[in-house]
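Q: Please find the sequence and the predicted model below.
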Amino acid sequence: MLLSILIPVYNERTVVERSLAHVLAAPLPENMDRELIVVDDCSTDGTSAILDSLAAVEPRIRLIHKPKNEGKGAAVRTAIQHASGDFCIVQDADLEYDPTEYPRLLRPLLDGNADAVFGSRYLVRDQTRVLPFWHSMINKALTGISNMFCNLNLTDMETCYKVFRTDLLKSIPIRSDRFGFEPEITMKSAKRQLRIYEVPISYHGRTYEEGKKIGWRDGVKALGVILRFWLIDDLYVQRYGRAVLNNLTGTPAYLNWMTNLLRPHLGVTVLELGAGIGNLSARLMGRRFCYVASEKDPLYLHALRNRFLRTPNVSVRPLDPASPADFAALGQSFETVLCVNVLEYLDDLGVLSSIRSVLVPGGSVVILAPQDESLYGTIDAALGHRRRFNRASLIASLREHGFEPSAVYQLNKIGRPAWWLFGKVFQRRQIGKAFLKLFDKTVWLWKLTDRLLPWRGLSLIIVARRRETVPQA
């Protein structure tokens, strides 16, 4: 295994050589190597020359010089891009944090219990330097406010020592350039539902006379960062088309409306395709004997495993809807296959044959898909939709693959004008979170009026039973 140690450096001429020596000599768990990703944030005091000389003789140091001073967050963002280890830890270039504690920080990750570990200066530990009262109070206040917005119970959000699985850290966008990195990564880790552990660490804090850089203005900015990333779901580096899944987390009334329509059609054994982050799974699993939440994306698989880690009747497995071989491994074992917002991402509907192959005789597929090709616009394109469907063609495809529709529902008629307005007229790439919140608060009204509106719904729900024979071409 390899540990990537991310070290932002700015004007640390007096301590940087000793600090890096401590990092290079620090103990690591058995069979683990290290790489130091050192990012010089355009130092002006001679630090750059010292780093050049160290990197020239130490192959474990990868040195990046930034042409412009941007701050700790920007330096860490650069370091993450160059990291190649299994785990990443942020290490300041001063001597406030003790590298000999790396094994303690890594233990929850190596045991498989955590995705991220924060080193806390306020848990019981061996020793700590006594610092000014107000500095400590501000740190604790910011942690408390962060906890309220991200629903965690951390004791030290502002700690430097944060260790992550590298694949997860690389998938989280870092927007803050300065010390806002700490509340930002905390908020996004909470929203991504990472398993976060805290361990006690020692702390040898500096005074401002000794070179400490963070100030009260950074505390004020941290409040803004907490509020910003509480409001905005900016959770993935790559623009995931299905990032709408995270927005749906904030629309519980709409999700409940949808699940109330789907639930009566589910059997005792259920396979959900494209389960995403488990928004529907958590509502539909109930007391079913077996609920399998499947997903092809490794990041969403990770989120599902975290979410249902201790739910005995739910299992999570990788499955690509476009791969018949993935279905073959399941056998004919499900009463229901749930296919919600999956078909529109596929190039063809051959998946229906695969679905039929895992259903027991008389089993059903429950499909929810976006309706009406004429509504296809910029939002569909941004989400990665290949198409939208109409009722007649989708029913014909089901019959062609050995299914007979037994129920058809129109869903969310009131959403149709909004989708047309945002995606066709304004050509937006997404619907704003504020609009979604407003919609969710008024779902009770739209449920009452949905059947009265004369046009088709934004989505189409079809329940179809497996036939014993497939029509011959």
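A: Cool, the structure landed.
Q: Which phi and psi values does the residue most central in space within the chain adopt?
A: Nearest to the geometric centre of the chain sits R192, at 3.8 Å (Cα atoms, centre = their mean). Taking degrees, to the nearest 10, you get phi -80, psi 0 for the backbone angles of R192.
Q: The nearest residue to it once chain neighbours are set aside sits in which helix or strand?
A: Nearest residue to R192 in three dimensions, chain neighbours excluded: L235, at 5.6 Å (Cβ to Cβ, 6 or more residues apart in numbering). Where you see a C-beta, it was placed from the backbone N, CA and C, and this is true even at glycine. L235 is part of no helix or strand when elements are defined by DSSP states H and E.
Q: thought L235 was touching A190?
A: No - with contact defined as Cβ atoms under 8 Å, L235 and A190 do not form a contacting pair (10.3 Å).
Q: now for whichever helix in the chain runs longest, which elements pack on it?
A: In the chain, with assignment by DSSP state H, the single longest helix is helix 133-150. Applying 3 or more Cβ pairs under 8 Å, 6 or more residues apart in numbering; DSSP states H and E, we find helix 133-150 packed against helix 181-191, helix 216-231.
Q: okay, and the helix or strand of the chain with the least pLDDT?
A: Lowest mean confidence among the helices and strands of the chain (mean pLDDT, DSSP states H and E): helix 244-249, at a mean of 56.
Q: where does the nearest residue to T166 once chain neighbours are set aside land in three-state SS?
A: Nearest residue to T166, sequence neighbours excluded (Cβ to Cβ, 6+ apart): C88, at 5.0 Å. Secondary structure assignment for C88 (DSSP: H, G, I helix; E, B strand; the rest coil): strand.
Q: so what's C88 bridging to?
A: Here C88 sits in beta bridges with S4, F164, going by DSSP bridges.
Q: Surely it and I80 touch.
A: Yes - applying Cβ under 8 Å, one finds C88 in contact with I80, separated by 6.7 Å.
Q: who has more neighbours, the two?
A: A count of neighbours by other Cβ atoms under 10 Å puts C88 above the other of C88 and I80, at 25 against 21.
Q: Okay, L105 and V366: tell me how far apart.
A: According to Cβ to Cβ, to the nearest Å, L105 stands 45 Å off from V366.
Q: Spatially nearest residue to R18, not counting backbone neighbours?
A: Once flanking residues are discounted, R18 sits nearest to L95: 6.9 Å by Cβ to Cβ, 6+ apart.
Q: count of residues packed around that neighbour?
A: 18.
Q: In a helix, it, correct?
A: No - using three-state DSSP, the assignment for L95 is coil, not a helix.
Q: for it, what are its contacts?
A: By Cβ atoms under 8 Å, 6 or more residues apart in numbering, the contact set of L95 is 15, 18-19, 22, 204, 206.
Q: Could you identify which of those has the most neighbours?
A: S19 (21 neighbours).
Q: Do I have it right that it meets Y97?
A: No - with contact defined as Cβ under 8 Å, S19 does not reach Y97; the gap is 9.5 Å.
Q: does the residue nearest to I64 when sequence neighbours are not counted count as helix, strand or coil?
A: Counting by Cβ to Cβ, 6+ apart, the nearest residue to I64 once its immediate chain neighbours are dropped is V39, at 4.9 Å. At V39, secondary structure determined by three-state DSSP is strand.
Q: Okay, and A282 sits in which element?
A: Judged by DSSP H and E, A282 forms part of helix 281-284.
Q: From the contact counts, what lies against that helix?
A: Using 3+ Cβ pairs under 8 Å, 6+ apart: helix 281-284 touches helix 252-262, strand 269-273, strand 290-295, helix 298-307.
Q: Extract the C-alpha trace of that helix and format it as PDB.
A: Extracted in PDB, the C-alpha atoms of helix 281-284 (Å, rounded to 0.1, in the frame of the first residue of the first chain):
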ATOM      1  CA  SER A 281     -34.100   1.600  -1.800                       C
ATOM      2  CA  ALA A 282     -34.300   3.100   1.700                       C
ATOM      3  CA  ARG A 283     -38.000   3.700   1.300                       C
ATOM      4  CA  LEU A 284     -38.900   0.500  -0.500                       C
END
